[in-house]
Every structure is written in structure tokens, then in C-alpha cells.
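Participant: Next one to model:
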Amino acid sequence: MSKFMSELDHHSAKLSRVCLKKGGVAGRKIAEIMASINENDTIATRRACNLNSLAVYLNEDPEKLIKEYLDVNFDNAQSELDMTALGIYVIKHEGADASDPPEDVGIIVEGVVMLKHIGDLACAVALLFGLIYNLNLSYPPDLKYSFEFLQKVLMGIDTHRLSNKVQVLKNKLHE
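Facilitator: Numbers count the residues shown, from 1 in each chain. A predicted model of the protein is given here:
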């Protein structure tokens, strides 16, 4: 966990700059994601924004991994979570502003809540990455580049074979 967070923080400023340079629809989505930092500039917000922006930058949908719900609608969302193969859920209070912490953050594998009350999104992503890696699960196909970046660039595991997308991003981070 400490290596994941320190590497994410180490790459944070450059990753933000690289992602914000993206144009088109993806660039607008990234700008919208990064606007959260202006409302609540904390390390947890920066980490969450960078992780979401990373997925968008790599032409992936962060909503395939992270499902956000309001606490009043969570019971209705339970059926959706039961059909989730792999993901993270975030339950927010209705009417909460950007500085309020979520009510719950958890990890779901095959419709079963594996971990809950994690605290923040970055910790949940780190724990999910650890679960996937240690249980030798396949990365979600819709997010394979994001997880490849986390594994090979952030964590430095099996770094000798990078996809073109991740290699280009890694080069931009090291300019």
C-alpha cells in the first residue's frame, strides 16, 4: 500500500499535466474530473482524480470500475452490485459536498463484497490491484491498460513488456 501511494503521489503532478493536455471528448472529461480538485484540494481527491483521469486518458471508462451511489439509493443499487464481476463502490451521503468523505468505499468480486469501509478511492484501487495480483485474476478487459499502468509503471512489476498506449504514457511522464 505504501509503495502504491508513494508512487502515485510521485507521478501525480506530471500525470495531471499529461492528462490535461489530452484533447477532444476525453480531454473535456478529464477537465471535468480534475475540477473536483478546485472544490476540495486534498491528497485523497488528487489521487482519485488522477486515477479516474488515467482511465479516461487511456480511452477506458472509469465507471466500469468505480460505481458511485447515494446512501438513499443504495438498496436499489444492490441488484446492480450483485451482477458486478469486479469493481469498487462508493456510497456518498445525499446532499454531501465535495469535502465530505464518502459513507463507505468497498470492493466487490463476483457480486460479493470482499472489503468495505476502506476509506477512500485510492486505497480501494490499491487493495483491488493487490487482490487481482495475488489471486491471479485477470484484469477487467475494459480497464486492462489502466491496470497495466498500475502494475508496470507505478508498481514496477514485470516492466519489460508494455503495450504501446502505456509505453507512450510512461515516456510522457519521464520527459
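Participant: for stretch 62-74, what is the average pLDDT?
Facilitator: Stretch 62-74 carries an average pLDDT of 82.
Participant: which parts of that stretch are buried?
Facilitator: 62, 64-67, 69 (16 or more other CB atoms under 10 Å). Just so you know, the C-beta spots here come from the backbone N, C-alpha and C atoms, and that holds for glycine as well.
Participant: And for stretch 114-127?
Facilitator: Within stretch 114-127, the residues that count as buried by 16+ other CB under 10 Å are 115, 118, 120-127.
Participant: follow-up on the earlier one: can you tell me which of the buried residues of stretch 62-74 lies closest to Asp158?
Facilitator: Asp158 has its nearest neighbour among the buried residues of stretch 62-74 in Leu65, at 20.9 Å by CB to CB.
Participant: quick one: that closest one and Phe129, what's the gap?
Facilitator: Going from Leu65 to Phe129 by CB to CB, to the nearest Å gives 11 Å.
Participant: same question, Thr45
Facilitator: To Phe129, Thr45 is 20 Å away according to CB to CB.
Participant: which residues touch the nearest residue to Tyr139 once chain neighbours are set aside?
Facilitator: In space, and not counting its chain neighbours, Tyr139 is closest to Phe147: 4.0 Å by CB to CB, 6 or more residues apart in numbering. Neighbour list for Phe147: 129, 132, 139-140 [criterion: CB atoms under 8 Å, 6 or more residues apart in numbering].
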